[in-house]
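K.L.:
what follows is a protein structure lacking sequence information:
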């Protein structure tokens with residue numbers, strides 16, 4: 001039996017943050033779960049994948065985040081409690097259905113996990129997805145520790161069902177990947193099937209319907225604001241004259257700093273865990289009780305700006321600071337020392353940070369940048385391409401292990417922005433320049449968002465070579481399956497879709513299937529692609545070691 005299926009209310013268990021989220025969903029009676037895997041969220045669906053083999057929980061790795069949200073919407077609108085998980089940039093992909101789903105709402109509770117990545121540990125940007133809750137007028141909850149990862153997830157499902165709205169659960173890498181002791185609650189039974197009740201004048205978002213739905217969304221939003229004011233995850237702690245506001249993992253740093261600096265009697269804390277809609281009355285009360293405020297939040301000054309607006313509207317004259325105090329900035333994640341130093345500066349304390357151990361007399365360690373694994377087939381593929389096309393070719397790349405090809409000695413990634421962009425951008429590079437263009441995309445990324453770009457290239461007669469690096473898995477995020485994988489060894493029944501069938505079905509005439517460790521034959525295929533006057537596709541297939 002999977003450890004998260006242990007029905008032992010009151011028992012304490014050491015869990016990863018992502019495991020705690022999965023447990024919270026199970027305690028909420030989640031019946032349906034979808035995702036596209038992405039660090040730092042990947043361990044949540046891994047739990048569901050295993051649990052779905054032992055229970056009636058339905059789980060799927062969807063082709064991308066948009067599809068995952070749409071699949072989940074069908075289940076939630078039918079009445080099943082549903083969780084959809086993704087990393088922060090995945091919500092960009094899912095934003096199209098998200099905005100209108102907010103209008104229509106849901107019947108069964110629906111929780112959307114957005115795992116942000118301050119410091120870009122495994123991402124192409126560190127966008128702050130708190131803005132999505134504001135854009136969509138959807139509730140957002142932000143846990144602060146492992147216990148809350150479970151408890152807030154359970155609360156998010158109840159909140160979603162009460163409001164009949166999707167709820168965004170925002171985490172960050174440091175929370176997803178911490179471990180802590182979690183006190184378990186009671187597991188609810190998993191619903192298996194539901195019934196969709198037809199009502200086209202609610203569920204069909206044509207303009208006449210959506211005008212009414214927008215009004216309904218705003219009414220639900222007002223109700224969410226009332227609930228935010230009463231939420232146990234929004235609270236004022238302490239009675240000091242100087243205020244500190246924090247959310248997420250930063251609240252832990254604040255608590256530790258206040259204890260370390262021995263200033264608990266001087267400060268009053270405002271914790272915002274039900275962070276949107278903002279509890280404006282609670283915030284105004286807090287601002288009226290303190291002389292000045294320090295806001296500690298990673299990434300954008302979202303709460304800082306909101307609190308300044310509330311102070312202005314309430315005619316409160318006090319200093320509200322955040323970014324720029326100490327080392328607090330819009331860049332990267334915070335750490336306990338940074339927060340301690342900022343609070344000390346804010347309070348005017350004579351504080352000296354602990355000195356680092358002097359290691360100046362030790363030899364400097366060699367740089368150890370990330371690199372492709374020993375035996376990685378992407379090495380052989382890149383070698384063959386470079387042998388034929390040389391360094392002057394433009395090499396658009398994509399999101400995956402092969403992005404590491406940007407580093408020497410391969411040096412074969414010239415442009416990367418998002419999933420699938422290698423194919424689409426190659427259309428632009430090949431048309432705008434006279435340079436040869438070879439783009440790289442992985443198998444999972446091709447299914448995610450490379451197919452539409454390929455169709456565009458065929459339809460508009462673009463001339464470049466696309467290399468699809470098929471290593472039989474979604475490797476970088478943890479070896480999850482995708483539509484091109486034979487899932488029988490994994491113990492699940494899914495239909496395998498061959499990449500070469502899709503490529504030919506899109507109208508590509510010049511298609512080469514190679515084994516990259518067969519170097520001579522691979523180079524021959526690459527030379528043939530170079531000689532071809534048009535769009536050529538090389539599928540380089542070898543399992544990830």
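P.N.:
The structure has been received and is ready for your questions. Remember, predicted model here, so these are calculated numbers, not experimental data. Numbers count the residues shown, from 1 in each chain.
K.L.:
residue 75 belongs to a helix?
P.N.:
Yes: assignment of residue 75 by DSSP: H, G, I helix; E, B strand; the rest coil places it within a helix.
K.L.:
what is the burial count for it?
P.N.:
Applying other C-beta atoms under 10 Å, we find 25 residues neighbouring residue 75. The C-beta positions use only the backbone N, C-alpha and C, and glycine is treated the same way.
K.L.:
which residues touch it?
P.N.:
By C-beta atoms under 8 Å, 6 or more residues apart in numbering, the residues touching residue 75 are 31-32, 58, 82, 108, 194.
K.L.:
just give the closest residue to residue 6, not the sequence neighbours.
P.N.:
residue 184 (7.0 Å; C-beta to C-beta, 6 or more residues apart in numbering).
K.L.:
right, and that neighbour touches residue 5 too?
P.N.:
No: between residue 184 and residue 5 there is no contact under C-beta atoms under 8 Å: 10.8 Å.
K.L.:
compare these two (neighbour count), which wins?
P.N.:
When neighbours are counted by other C-beta under 10 Å, residue 184 and residue 5 differ, and residue 184 comes out ahead with 21 against 15.
K.L.:
check contacts around that one.
P.N.:
Residue 184 neighbours (C-beta under 8 Å, 6+ apart): 6, 8-13, 23, 27, 150.
K.L.:
phi, psi of residue 114?
P.N.:
Its backbone dihedrals place residue 114 at phi -110, psi 110, with angles given as degrees, to the nearest 10.
K.L.:
who does it form a beta bridge with?
P.N.:
residue 86, residue 170 (DSSP bridges).
K.L.:
next, the contact list for it, please.
P.N.:
Residues near residue 114 by C-beta under 8 Å, 6+ apart: 86-88, 90-91, 129, 132, 168-171.
K.L.:
pLDDT score assigned to residue 352?
P.N.:
With respect to pLDDT, residue 352 scores 85.
K.L.:
element containing it, please.
P.N.:
Per DSSP states H and E, residue 352 falls between elements, in no helix or strand.
K.L.:
quick one: it and residue 284, what's the gap?
P.N.:
37 Å (C-beta to C-beta, to the nearest Å).
K.L.:
quick one: low-confidence residue ranges for the stretch 201-350 of the chain.
P.N.:
Low-confidence segments of the stretch 201-350 of the chain (pLDDT under 70): none present.
K.L.:
just the strands in it please.
P.N.:
234-237, 242-246, 267-272, 274-276, 292-296, 319-321 (DSSP state E, counting those that start in this stretch).
K.L.:
hmm, who's touching the longest one?
P.N.:
Applying C-beta under 8 Å, 6+ apart, the contact partners of strand 267-272 are 142, 144, 233-247, 251, 254-255, 258, 278-279, 282-283, 286, 289-290, 303, 347.
K.L.:
now swap in the first one and tell me
P.N.:
The set of residues that contact strand 234-237 without belonging to it, under C-beta under 8 Å, 6+ apart, is 228, 268-274, 279, 282, 285-286, 289.
K.L.:
which residue ranges form the helices in the stretch 251-400 of the chain?
P.N.:
Using DSSP state H, counting those that start in this stretch, the helices of the stretch 251-400 of the chain run over residues 280-289, 302-313, 336-347, 377-389.
K.L.:
now the last one: mean pLDDT?
P.N.:
Averaging pLDDT along helix 377-389 gives 97.
K.L.:
on that earlier part again, now the buried members of the contacts of residue 184.
P.N.:
By neighbour count, with 16 or more other C-beta atoms under 10 Å, the contacts of residue 184 hold 13, 23, 27, 150 as buried.
K.L.:
how about the contacts made by the second one?
P.N.:
Residues near residue 23 by C-beta under 8 Å, 6+ apart: 4, 15, 150, 153, 182, 184.
K.L.:
pick out whichever of those sits closest to residue 507.
P.N.:
residue 153 (45.1 Å; C-beta to C-beta).
K.L.:
what about residue 48, which helix or strand?
P.N.:
In this assignment (DSSP H and E), residue 48 forms part of helix 43-51.
K.L.:
next secondary structure after that helix?
P.N.:
Immediately after helix 43-51, counting by DSSP H and E, sits strand 58-61.
K.L.:
got a list of contacts for that following strand?
P.N.:
Applying C-beta under 8 Å, 6+ apart, the contact partners of strand 58-61 are 31-37, 45, 48-49, 51-52, 68, 71, 75, 474, 480-482.
K.L.:
how confident was the prediction at residue 51?
P.N.:
Residue 51 is assigned a predicted lDDT (pLDDT) of 98.
K.L.:
mind listing what the residue nearest to the spatial centre of the chain touches?
P.N.:
What sits nearest the mean C-alpha location of the chain, by C-alpha atoms, centre = their mean, is residue 87, with 1.0 Å. Applying C-beta under 8 Å, 6+ apart to residue 87 gives the contacts 38-41, 114-117, 123.
K.L.:
grab the nearest non-local neighbour of it.
P.N.:
Counting by C-beta to C-beta, 6+ apart, residue 87 lies nearest to residue 38, which is 3.3 Å off, once chain neighbours are set aside.
K.L.:
so which strand or helix has the one you found?
P.N.:
In this structure, residue 38 sits in neither a helix nor a strand according to DSSP H and E.
K.L.:
strands paired with whichever strand or helix holds residue 14, and their directions?
P.N.:
Assigning secondary structure by DSSP H and E places residue 14 in strand 12-16. Using DSSP bridges, the strands paired with strand 12-16 are strand 179-183 (antiparallel).
K.L.:
show the average pLDDT along the partner strand.
P.N.:
Average pLDDT, strand 179-183: 98.
K.L.:
run through who's touching it.
P.N.:
Contact partners of strand 179-183, identified using C-beta under 8 Å, 6+ apart, comprise 10-17, 20, 23, 145-147, 149-150.
K.L.:
got the phi/psi numbers for residue 532?
P.N.:
phi -80, psi 130.
K.L.:
buried among the contacts of residue 114? Need that as a selection in ChimeraX.
P.N.:
The buried residues among those can be selected in ChimeraX (16+ other C-beta under 10 Å) with this line:
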select :86,87,88,90,91,129,132,168,169,170,171
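K.L.:
closest one of the contacts of residue 114 to residue 205?
P.N.:
Of all these, residue 205 sits closest to residue 132, with 18.8 Å by C-beta to C-beta.
K.L.:
picking that back up, now the two most distant members of the contacts of residue 87.
P.N.:
39 and 114 (13.2 Å).
K.L.:
looking at the buried ones among the contacts of residue 184, which is nearest residue 451?
P.N.:
Nearest to residue 451 out of the buried ones among the contacts of residue 184 is residue 23 (C-beta to C-beta; 35.9 Å).
K.L.:
for the closest residue to residue 288 other than its chain neighbours, what are its contacts?
P.N.:
Leaving aside its chain neighbours, residue 288 sits nearest to residue 316 (6.2 Å; criterion: C-beta to C-beta, 6+ apart). Taking C-beta under 8 Å, 6+ apart, we find residue 316 in contact with 284, 287-288, 310.
K.L.:
which outside residues touch the strand holding residue 14?
P.N.:
Contact with strand 12-16 is made by 3, 6, 23, 43, 146, 150, 176-184, as judged by C-beta under 8 Å, 6+ apart.
K.L.:
quick check: angle from the helix or strand that it is followed by to strand 12-16?
P.N.:
Next in sequence after strand 12-16, counting helices and strands by DSSP H and E, comes helix 17-27. Per axes from the mean of the first three to the mean of the last three C-alpha atoms, to 10 degrees, the angle that helix 17-27 makes with strand 12-16 is 120 degrees.
K.L.:
the helix or strand that helix 17-27 is followed by - contacts with which helices or strands?
P.N.:
Downstream of helix 17-27, the next assigned helix or strand under DSSP H and E is strand 32-35. If you count contacts as 3 or more C-beta pairs under 8 Å, 6 or more residues apart in numbering; DSSP states H and E, strand 32-35 packs onto helix 43-51, strand 58-61, helix 65-78, strand 82-87.
K.L.:
of the contacts of residue 87 - the most surrounded one?
P.N.:
Across the contacts of residue 87, neighbour numbers were computed from other C-beta under 10 Å; residue 115 holds the maximum, 31 neighbours.
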